[in-house]
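Chemist: need a 3D model of the following:
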Amino acid sequence: MFKNRRNYFDKMNAEQRRGASLITVTQPNDVISESFRQIRTNIQFSMVDQDYKSIMVTSSGVWEGKSTVTANTAAVIAQQGLRVLLVDADMRKPTVAKTFGIDTTVGLTSLLTNRDANIMDTVNYVPDANLYILAAGPIPPNPSELLGSKRMIELIAELEDLFDLVIFDTPPVLAVTDAQIVATRVDGVIVVVRAGIANKNNVRKTKELLDMVNANVIGAVYNGEQGKKMGYGYGYGYGYGYSQQSEDK
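Modeler: Next up, the predicted model:
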């Protein structure tokens, strides 16, 4: 059992180095992509009473698929013709640049540490996905302090003015305080919960920590539940949908 688990995490590490799987762009007609469109629809339903300009995606721990969910959800929302920015706010283990094949040395860190940096010069546009991408940038020694800075509040406001929706990929809640900090600065929070990896106590603790900072948790994506015919599933809210296993952190 230990050997199988070790092999699993070795595989996850290899996948992380390559970035998340972007199936909604490479295979838009696949049933997996349809699952992400269902997630998009449910997110939009949660926005009926208020116009969200920014949301973040997190998880309780690592290997739950939050970066895959973030990237694919951003892509399907952008497919509706909206101007969507995906921000890699996981400055400890960034993956977004790898996912979209972006070669850049600048990103979120650059905008937070250099007020003279131009946002649109730092953002990358990916035509195939119709997505704007703000990579994490150089890994700083103090991610939590940067995310909790006054400059971060100002930057989010600037990004919200430039784009229809800003989506942040953040670290797991139980790993570091970064996600809690970002949760206080965005309009809504989505938590990814992976079957076989997350446990109820950790998910409950995650919700408690988000509640402590008055985060607006608008839903959860249940990822990886094996179905009888369709393989693996993504579901929003209480869990539904079908898909393949997500293989990022």
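
Chemist: please enumerate the strands of this protein.
Modeler: With DSSP state E, the ranges of strands along the chain come out as 54-59, 84-88, 124-126, 131-134, 165-169, 188-194, 217-226, 232-236.

Chemist: how many neighbours does Arg151 have?
Modeler: Per other C-beta atoms under 10 Å, the neighbour tally for Arg151 reads 15. Just so you know, the C-beta spots here come from the backbone N, C-alpha and C atoms, and that holds for glycine as well.

Chemist: distance of it from Thr109?
Modeler: Distance, Arg151 to Thr109, using C-beta to C-beta, to the nearest Å: 11 Å.

Chemist: got the strands of the chain as TSV, with mean pLDDT and distance to Leu155 columns?
Modeler: Formatted as TSV, these follow (pLDDT from 0 to 100; distance: least, C-beta to C-beta, whole Å):
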stretch	mean pLDDT	distance to Leu155
strand 54-59	96	11
strand 84-88	98	9
strand 124-126	96	17
strand 131-134	98	10
strand 165-169	98	10
strand 188-194	94	18
strand 217-226	80	22
strand 232-236	45	28
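
Chemist: how many residues are close by Met152?
Modeler: 19.

Chemist: give me the low-pLDDT residue ranges for the protein?
Modeler: Confidence mapping of the chain against pLDDT under 70 gives the ranges 1-20, 225-249.

Chemist: helices of that one, start to end?
Modeler: 2-18, 23-26, 31-46, 66-78, 96-99, 108-113, 119-122, 143-147, 150-162, 178-183, 200-212 (DSSP state H).
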